[in-house]
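Q: have a look at this prediction, sequence included:
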Amino acid sequence: MKVSVIGTGNMGRGFAARLVKAGHSVSLLGRDAAKAAEVAKEVGAVAVSAADAAKAEVIVLAVPYDAAAPALKALGDLKGRVVVDITNPLTADYMGLTIGHSTSAAEEIAKAVPGIKLVKGFNTVFGQVLASCQKVEGGRDVPAYLASDDADAKAVVADLARSIGFAVVDAGGLKNARYLEALAGLNIYLGYGADLGTGVTPVWLPLAG
Ligand SMILES: NC(=O)c1ccc[n+]([C@@H]2O[C@H](COP(=O)([O-])OP(=O)(O)OC[C@H]3O[C@@H](n4cnc5c(N)ncnc54)[C@H](OP(=O)(O)O)[C@@H]3O)[C@@H](O)[C@H]2O)c1
């Protein structure tokens, strides 16, 4: 599948590397062209222009929430494009969310860029977990919780997620991004605030017996 990753930081690099490893054709777009070229070379992706990034079947948004809608708009016409929003609308100290309860980063991005097919997901996965490709204790794949109002787009992203080693959990409509972003907030608190570290990931497990 042709996938564009927007952002060349921890998550952008991690996604690009896993997607390339799984055999996808990966384009990387960063605001710093030299850095994008360097990261692309390192992971086996291709650094591209905004116009070329817009041509992918799936676009992964790996920039801060505040930069997400502007970064998408800079790609031009994205009508009908599947976009994966992995952002968390974090406060400056990373210990809170700037929006929530009555909306979410995903819903705001969808409103700001009409016509895209937005899927919320992977925002509960620490960059270190994405990069390490480790599994959950016991051998399960790390879950990717996906929320979207577009069933076809969610199915496309679910296939993509499985292809790079995630277990997909259908988290319902895009409105449930409000829960996923709050869940990521708890994950960050547990990882950093409560010193569990970043080698953890939220998993729902059935009870024994
Ligand atoms: N790190 C995690 O564990 C984690 C987990 C789940 C979700 N997320 C979410 O994933 C997204 C990316 O996180 P990250 O950890 O990869 O962050 P990061 O390492 O700081 O990388 C952010 C990327 O976004 C670019 N960027 C920053 N401000 C921008 C702007 N105003 N316009 C355009 N591009 C801009 C940066 O460009 P430069 O390279 O030029 O600075 C960089 O390529 C965030 O929304 C975050 O909440 C992160």
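A: In hand now; what should we look at? The shown structure was predicted, so the numbers you read here are calculated from the model rather than taken from an experiment.
Q: report the central residue of the protein.
A: With the centre of the chain defined as its mean C-alpha position, the nearest residue by CA atoms, centre = their mean is Ile86, 2.8 Å away.
Q: report how many residues lie close to the residue lying closest to that one once chain neighbours are set aside.
A: The shortest distance from Ile86 to any non-neighbouring residue, by CB to CB, 6 or more residues apart in numbering, is to Phe122 (4.4 Å). (Glycine included, C-beta is placed from N, CA and C.) Other residues within reach of Phe122, judged by other CB atoms under 10 Å, total 28.
Q: quick one: contacts for Phe122?
A: 11, 15, 84, 86, 130, 144, 161, 166 (CB atoms under 8 Å, 6 or more residues apart in numbering).
Q: need the contact list for the fourth one.
A: In other words, Ile86. Counting by CB under 8 Å, 6+ apart, Ile86 touches 11, 15, 60-62, 121-123, 125.
Q: just curious, which of those is nearest to Thr98?
A: The nearest member of those to Thr98, counting by CB to CB, is Asn123 at 14.0 Å.
Q: that closest one contacts Arg178, correct?
A: No - if you go by CB atoms under 8 Å, Asn123 and Arg178 don't touch, sitting 11.6 Å apart.
Q: for Ser25, grab phi and psi.
A: Dihedral pair for Ser25: phi -90, psi 110, per degrees, to the nearest 10.
Q: closest point of the protein to the ligand, which residue?
A: Proximity to the ligand, evaluated over the chain using CB to the nearest ligand atom, is greatest for Gly9 at 1.8 Å.
Q: so what's that residue up against?
A: Contacts for Gly9 (CB under 8 Å, 6+ apart) come out as 62-63.
Q: tell me the residues of the protein that contact the ligand?
A: Within the chain, the positions lying close to the ligand (CB under 6 Å from any ligand atom) are 7-12, 30-32, 35, 62-65, 67, 71, 86-88, 90, 123, 125-127.
Q: which ones are touching Val156?
A: So Val156 contacts 57-58, 82 (CB under 8 Å, 6+ apart).
Q: can you check Val46 too?
A: Per CB under 8 Å, 6+ apart, neighbours of Val46: 26-28, 40.
Q: if we can go back for a sec, pick out whichever of Asn123 and Arg178 has more residues nearby.
A: When Asn123 and Arg178 are compared for neighbours, Asn123 comes out ahead with 26 against 21, by other CB under 10 Å.
Q: neighbour-wise, give me the winner out of the contacts of Val46.
A: Leu28 (30 neighbours).
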